[in-house]
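# Okay, sequence plus prediction incoming.
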Amino acid sequence: MTSSQPTLVRIETQDLSQAKPGKPSRPISGHTTYKTLESFSAMGGQLSSGVWEATAGAFRSHCAGYVEFCHIVEGSCRVVDPDGTIHSFGAGDSFVLPEGFAGHWEVDERVKKVFFITQTTSLHK
């Protein structure tokens, strides 16, 4: 008998060999590259989770249509609010980027985070 029960999803933060590479679409400075490894997706992509790692640089962030929970597992960064407030984060720190957040990230060397994203556009329909 086959079970259709959901099973636990482990988010592996060490091996990013299968991660998708990319570059920020809104760079400010530096030559940032990143890797994203999605570990979980549900509800037709409305929910997703995985690991993201970025190299040094500064780039804009705009959470249009989604909310993102972030937990830093390695490295450090600063996330700057639209009003200029600077939030410094390092390994062990967690934060939420609310829907509509339009600040920017500053990474000095490298940062790795576990993320959980909830699409909100369908929630408003």
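Right, received. Where do you want to start? Numbering: from 1, shown residues only.

# Low-confidence bits of this structure, can you list those?
1-3, 122-125 (pLDDT under 70).

# hey, where'd the strands end up in it?
20-22, 27-29, 34-42, 47-60, 66-80, 86-90, 94-97, 104-119 (DSSP state E).

# quick one: the fourth one to chain centroid distance?
In terms of C-alpha atoms, centre = their mean, to the nearest Å, the gap separating the centre of strand 47-60 from the centre of its chain is 5 Å.

# on contacts alone, who are the packing partners of that strand?
strand 27-29, strand 34-42, strand 66-80, strand 104-119 (3 or more C-beta pairs under 8 Å, 6 or more residues apart in numbering; DSSP states H and E). Quick note: C-beta positions are derived from backbone N, CA and C, even for glycine.

# neighbours around the residue nearest to Val96 when sequence neighbours are not counted, how many?
Distances taken as C-beta to C-beta, 6 or more residues apart in numbering put Phe69 closest to Val96, at 5.3 Å, once the chain neighbours are dropped. Phe69 has 15 neighbours, counted by other C-beta atoms under 10 Å.

# if we can go back for a sec, tabulate the strands of the chain (CSV), appending distance to Gln14.
Converted to CSV, the strands of the chain look like this (distance: least, C-beta to C-beta, whole Å):
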stretch, distance to Gln14
strand 20-22, 17
strand 27-29, 27
strand 34-42, 11
strand 47-60, 9
strand 66-80, 9
strand 86-90, 18
strand 94-97, 19
strand 104-119, 10
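
# List the buried residues of stretch 84-91.
Phe89 (16 or more other C-beta atoms under 10 Å).

# Could you do stretch 12-25 as well?
Per 16+ other C-beta under 10 Å, stretch 12-25 contains these buried residues: 13, 16, 19, 24.

# cool, and stretch 58-69?
By neighbour count on 16+ other C-beta under 10 Å, the buried set for stretch 58-69 is 58-59, 63, 66-68.

# Can you tell me the number of residues neighbouring the closest residue in space to Gly22 that isn't next to it in sequence?
Leaving aside its chain neighbours, Gly22 sits nearest to Tyr34 (5.3 Å; criterion: C-beta to C-beta, 6+ apart). Using other C-beta under 10 Å, Tyr34 is surrounded by 19 other residues.
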